[in-house]
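> no sequence for this one, just the structure:
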């Protein structure tokens, strides 16, 4: 894969598609607020952004996670959360497993076991907000990767 890095995006997507930007932002804010756990939300946002190789979102959400009190160790080990024994709660692990399953749909459907694991830690309202948050970060990632939104560039 050949990529180039620049100080500007290929396309000022958010200026050219304001009718997409604002509803997506509103959905993202509502999903995060409805989840009610900033630390968990930032872990999910970082993990999806790692999978999708979105440098713009990784930069943003690592900083947000730090502000929310997530330790450097937990941020650095997130890419290997399953092997990082004792670093993530059972609830966080369930959310991260669901994040991976929803993000990597090319592997097939979200497995029942993954969904049921999450459902043991989240009530239906929380689960709906978690799925919404995973979905919105995937959309942000895909837009930012497609237009090569530079790190620190405004959305």
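Nice, thanks for sending it over. Quantities reported herein were computed from a predicted structural model and do not represent experimental measurements.

> low-confidence ranges, this protein, go.
Confidence mapping of the chain against pLDDT under 70 gives the ranges 1-6, 153-155.

> mind doing that once more with 90?
Scanning the chain for pLDDT under 90 picks out 1-8, 14, 105-108, 152-155.

> please enumerate the helices of it.
Along the chain, counting by DSSP state H, helices occupy 13-16, 18-35, 38-51, 55-67, 72-77, 90-103, 112-119, 124-146.

> please produce TSV containing the ones you listed, extended by distance to residue 152.
Heads up, the C-betas are built off the backbone N, CA and C, glycines and all. Listed next are these as TSV, based on distance: least, Cβ to Cβ, whole Å:
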stretch	distance to residue 152
helix 13-16	15
helix 18-35	18
helix 38-51	15
helix 55-67	7
helix 72-77	18
helix 90-103	24
helix 112-119	33
helix 124-146	12
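
> just these: most buried one?
Comparing the helices of the chain by mean neighbour count (mean count of other Cβ atoms under 10 Å), helix 38-51 ranks first with a mean of 23.

> residue 84 is nearest to which of the helices of the chain?
Shortest distance between residue 84 and the helices of the chain, using Cβ to Cβ, is found for helix 72-77: 4.1 Å.
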